[in-house]
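A.B. asks: Model the following, please.
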Amino acid sequence: MRIAMVSEHASPLATLGDVDAGGQNVHVAALSLALAGRGHVVRVYTRRDSPTAPPRVRFGPGVDVIHVPAGPARHLPKDELLPHMAEFGHRLAHHWAGNGVPDVVHAHFWMSGLAAIDAATTVGAPVVQTFHALGTVKHRHQGEQDSSPRERIDAESGICRDADMIIATCSDEVTELRRMGATNAAIEVVPCGVDTQLFHPGVGAAATGGQQHAAPTLLCVGRLVERKGIDTIIRALVKLPGVELVVAGGPENAELAMHPEAIRLRRLAAALDVQDRLRLLGSVAHDRMPALMRAADLVVCTPWYEPFGIVPIEAAACGRAVVGSAVGGLLDTVGHGTTGTLVPPRDPIAVASAVRELLGDSTLRHRYETAARRRAVTLYDWSSVAAATDRAYRSLVTSPDRPGVLAG
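C.D. replies: Alright, predicted model coming up:
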């Protein structure tokens with residue numbers, strides 16, 4: 001099949017070292033390469049955000065990245081991209097009309113969906129939508145702090161009606177999509193994936209990457225934003241004497257002193273007299289993350305909400321048990337009582353209790369770790385995710401309404 005990935009703000013090229021790269025960048029990059037490995041031809045269309053960006057870049061075997069002119073050729077925050085999506089869609093349609101219509105268009109994020117549906121309607125291609133995050137959920141939890149364009153929620157409801165298929169990343173998202181008007185028949189659930197060759201338990205010295213911790217250590221990985229709930233873990237430290245917390249994420253280490261959330265977290269730790277047991281690392285390169293996870297005793301993820309959350313499955317692939325909030329994607333990715341423990345969000349007492357149990361019972365923790373690795377390889381390896389995505393595409397393009405498709 002000829003597959004068009006539309007990812008307006010999250011280019012797979014950014015995963016090569018851009019500090020702004022996030023989960024969507026990694027997802028689009030890894031999924032594209034895995035689908036190409038199954039014999040498909042994949043083109044990733046992203047907005048041209050630099051005057052020096054070439055029109056086309058070979059990303060890997062069978063995968064090209066196409067930079068689409070839409071708005072100024074410079075970086076813009078994603079919340080400022082909506083006015084340029086009409087142009088983005090127009091240029092996609094023009095490109096496909098002149099270079100061959102894709103068999104499947106897969107849009108990532110809501111603004112990509114707007115552009116993709118406009119373009120695909122013009123040339124007659126089916127559209128698959130992955131939202132990665134939903135405006136209704138974000139606004140529910142962030143309220144006035146939500147910086148999304150006001151048109152987002154209505155636009156997402158429209159995409160639910162107009163897309164030929166929606167791929168949700170977890171069961172909790174399906175419930176939200178149904179509320180928004182998506183029909184059950186239009187929804188497939190395919191999780192995000194993890195590179196289980198990069199993220200692995202390791203053996204001997206390789207398991208920790210040379211890192212040693214004298215005290216029991218918790219690891220929290222994520223952007224330094226309030227909704228990630230890092231303050232919940234800091235409050236839990238009060239009930240966990242001798243336990244240390246390492247936080248990876250945010251800006252470069254040298255910039256932490258001026259970062260508002262880092263300042264807030266450090267002040268909270270000082271007020272609770274646990275500042276000597278908190279270590280903020282700042283940004284950590286993706287390829288260094290497995291060793292960091294293996295060096296920790298437990299990985300703790302306590303967001304207020306989480307559309308999917310890649311950290312729990314990266315931790316599982318490294319053979320680490322997770323204590324996580326019972327929200328969003330974590331309801332699927334953390335097997336409660338099997339690979340980790342789920343607790344209510346914003347509940348430091350529950351976090352402390354779960355951590356205390358697992359740190360105090362090495363047999364239980366080892367059982368969780370073994371099950372976590374096995375589950376990560378079985379359900380979340382990119383080969384499994386690509387196979388499930390491939391099946392979803394084929395069920396769409398070979399349906400009676402859309403007969404005929406090039407064999408992939």
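
A.B. asks: quick one: low-confidence ranges for the protein?
C.D. replies: Counting by pLDDT under 70, the ranges of the chain that qualify are 15-21, 203-213, 400-408.

A.B. asks: where do the helices sit along it?
C.D. replies: Secondary structure of the chain (DSSP state H): helices at 23-37, 85-99, 110-123, 135-142, 152-162, 171-179, 230-237, 260-271, 289-295, 311-317, 330-333, 348-360, 362-375, 382-397.

A.B. asks: relative to helix 23-37, how tilted is the last one?
C.D. replies: When you say that, I think you mean helix 382-397. Here the directions of helix 382-397 and helix 23-37 differ by 80 degrees (axes from the mean of the first three to the mean of the last three CA atoms, to 10 degrees).

A.B. asks: CA-only coordinates of helix 382-397 in PDB, if you can.
C.D. replies: Provided in PDB are the C-alpha atoms of helix 382-397 (Å, rounded to 0.1, in the frame of the first residue of the first chain):
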ATOM      1  CA  TRP A 382       6.500  -1.900  17.200                       C
ATOM      2  CA  SER A 383       6.300  -5.100  15.000                       C
ATOM      3  CA  SER A 384       3.000  -6.000  16.800                       C
ATOM      4  CA  VAL A 385       1.700  -2.400  16.600                       C
ATOM      5  CA  ALA A 386       2.500  -2.200  12.900                       C
ATOM      6  CA  ALA A 387       0.800  -5.500  12.300                       C
ATOM      7  CA  ALA A 388      -2.400  -4.300  14.000                       C
ATOM      8  CA  THR A 389      -2.300  -1.000  12.200                       C
ATOM      9  CA  ASP A 390      -1.800  -2.900   8.900                       C
ATOM     10  CA  ARG A 391      -4.900  -5.000   9.600                       C
ATOM     11  CA  ALA A 392      -6.900  -1.900  10.400                       C
ATOM     12  CA  TYR A 393      -5.900  -0.300   7.100                       C
ATOM     13  CA  ARG A 394      -6.800  -3.400   5.100                       C
ATOM     14  CA  SER A 395     -10.200  -3.700   6.800                       C
ATOM     15  CA  LEU A 396     -10.900  -0.200   5.600                       C
ATOM     16  CA  VAL A 397      -9.600  -0.200   2.100                       C
END
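
A.B. asks: still on that earlier bit, now the helices of the chain in a markdown table, with distance to residue 6 and mean neighbour count?
C.D. replies: Heads up, the C-betas are built off the backbone N, CA and C, glycines and all. Converted to a markdown table, the helices of the chain look like this (distance: least, CB to CB, whole Å; neighbours: other CB atoms under 10 Å):
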| stretch | distance to residue 6 | mean neighbour count |
| --- | --- | --- |
| helix 23-37 | 9 | 23 |
| helix 85-99 | 7 | 18 |
| helix 110-123 | 4 | 24 |
| helix 135-142 | 18 | 17 |
| helix 152-162 | 12 | 18 |
| helix 171-179 | 19 | 17 |
| helix 230-237 | 33 | 24 |
| helix 260-271 | 31 | 16 |
| helix 289-295 | 28 | 21 |
| helix 311-317 | 25 | 29 |
| helix 330-333 | 25 | 24 |
| helix 348-360 | 39 | 19 |
| helix 362-375 | 31 | 17 |
| helix 382-397 | 14 | 19 |
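
A.B. asks: I'd like those written out as CSV, with distance to residue 305 added.
C.D. replies: As requested, the helices of the chain are exported to CSV (distance: least, CB to CB, whole Å):
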stretch, distance to residue 305
helix 23-37, 14
helix 85-99, 26
helix 110-123, 17
helix 135-142, 5
helix 152-162, 15
helix 171-179, 9
helix 230-237, 13
helix 260-271, 17
helix 289-295, 23
helix 311-317, 14
helix 330-333, 10
helix 348-360, 16
helix 362-375, 22
helix 382-397, 22
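
A.B. asks: For residue 72, which of those is the nearest?
C.D. replies: Nearest to residue 72, of all those, is helix 85-99, at 11.1 Å by CB to CB.

A.B. asks: Can you spell out which helices and strands pack onto that closest one?
C.D. replies: Where contact means 3 or more CB pairs under 8 Å, 6 or more residues apart in numbering; DSSP states H and E, helix 85-99 is packed against strand 2-6, strand 41-47, strand 63-68, helix 110-123.

A.B. asks: if I look at the spatially closest residue to residue 164 that is not a sequence neighbour, how far off is residue 14?
C.D. replies: Among residues not flanking residue 164 along the chain, residue 126 sits closest, at 4.3 Å (CB to CB, 6 or more residues apart in numbering). Distance of residue 126 to residue 14, given as CB to CB, to the nearest Å: 27 Å.

A.B. asks: Would you mark the buried spots in stretch 176-190?
C.D. replies: Using 16 or more other CB atoms under 10 Å as the test for burial, stretch 176-190 gives 176-177, 180, 182, 186-188, 190.

A.B. asks: would you list these in TSV and tack on distance to residue 202?
C.D. replies: TSV is the format used below for the buried residues of stretch 176-190 (distance: CB to CB, whole Å):
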residue	distance to residue 202
176	37
177	38
180	42
182	41
186	42
187	37
188	34
190	28
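
A.B. asks: and those, which two are the farthest apart?
C.D. replies: Comparing all pairs in the buried residues of stretch 176-190 by CB to CB, the longest separation belongs to 180 and 190, at 18.6 Å.

A.B. asks: Of the buried residues of stretch 176-190, which belong to strands?
C.D. replies: 187-188 (DSSP state E).

A.B. asks: tell me which of the buried residues of stretch 176-190 is nearest to residue 223?
C.D. replies: Nearest member of the buried residues of stretch 176-190 to residue 223, counting by CB to CB, is residue 176, at 21.7 Å.

A.B. asks: which one is that closest one nearest to, not counting chain neighbours?
C.D. replies: Residue 176 sits nearest to residue 134 (CB to CB, 6+ apart), 5.6 Å away.

A.B. asks: That neighbour is in contact with residue 175, isn't it?
C.D. replies: No: judged on CB atoms under 8 Å, residue 134 makes no contact with residue 175 at a distance of 10.7 Å.

A.B. asks: if we can go back for a sec, so for residue 1, which of the helices of the chain sits nearest?
C.D. replies: Closest to residue 1 of the helices of the chain is helix 382-397 (CB to CB; 6.4 Å).
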